[in-house]
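Asks: I need the structure of the sequence given here:
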Amino acid sequence: MNYGALFFLNGCILLSLLICSCKHQGSVYYKNIDTTGIEQNAIMSFYELGQQNFKMYCTSCHAISREIVGPPLKETTSKYSMEWIIAFTKNSSRLIKEKDKAALKIYNEYKQAEMPRFENLSDSTIMAIFYYINSPVKSPVP
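Replies: Model prediction:
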């Protein structure tokens, strides 16, 4: 049995649960996560997962703090719930067709350019991306 992989998976699950429980007025705050008792390797692995996927899927249209094709993503978790962010990331056109006010606002603000679907990304991968985006450190701690 690969105990390293099992440990990593358990760490990611624990961190995902911790992130989901850090809600305040419908928003998820990543800056103030209490990581006491969570193995540093699991935290950095979650950070690195977010970093890798942000670079792979997001940087062609988004930056963390400035507008490119789409909006900057830094303040996203303070504006929208994580459930909404996940739904929008996976299929923004569905929310637009359902007349979701927030989705329509973004759609109209950015010249009615639809975001590509990322239905292949898991919820935890999307959470990792926003953990990376909101992390005060932009490179892994040794």
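Asks: flag the shaky bits of this structure, pLDDT-wise.
Replies: Judged by pLDDT under 70, the chain has its weakly predicted residues at 1-43, 137-142.
Asks: helices of this structure, start to end?
Replies: Remark: helices of the chain, listed N- to C-terminal, are 3-21, 40-57, 76-79, 82-97, 101-109, 123-134; assignment by DSSP state H.
Asks: how many neighbours does the closest residue to E114 other than its chain neighbours have?
Replies: For E114, ignoring the flanking residues on the chain, the nearest one in space by Cβ to Cβ, 6 or more residues apart in numbering is S93 at 5.3 Å. To be clear about C-beta, it is placed using only N, CA and C from the backbone, and glycine gets the same treatment. Neighbouring residues of S93 were enumerated by other Cβ atoms under 10 Å; the total is 14.
Asks: kindly report the same for the one 10 residues further on.
Replies: A103 has 22 neighbouring residues, counting by other Cβ under 10 Å.
Asks: just N108 next, same as before
Replies: N108 has 10 neighbours, counted by other Cβ under 10 Å.
Asks: same check on M82?
Replies: Residue neighbour count, defined by other Cβ under 10 Å, stands at 21 for M82.
Asks: what's the spacing between it and Q112?
Replies: Computed with Cβ to Cβ, to the nearest Å, the distance linking M82 and Q112 is 25 Å.
Asks: and E67, by the same measure?
Replies: 16 Å.
Asks: got it, and E119?
Replies: Relative to Q112, E119 is positioned 21 Å away (criterion: Cβ to Cβ).
Asks: do M44 as well
Replies: Separation of M44 from Q112 (Cβ to Cβ): 39 Å.
Asks: swap in Y47?
Replies: Y47 sits 34 Å away from Q112, going by Cβ to Cβ.
Asks: the two: which is more packed in?
Replies: For Y47 versus Q112, the count of surrounding residues by other Cβ under 10 Å is larger for Y47: 20 against 9.
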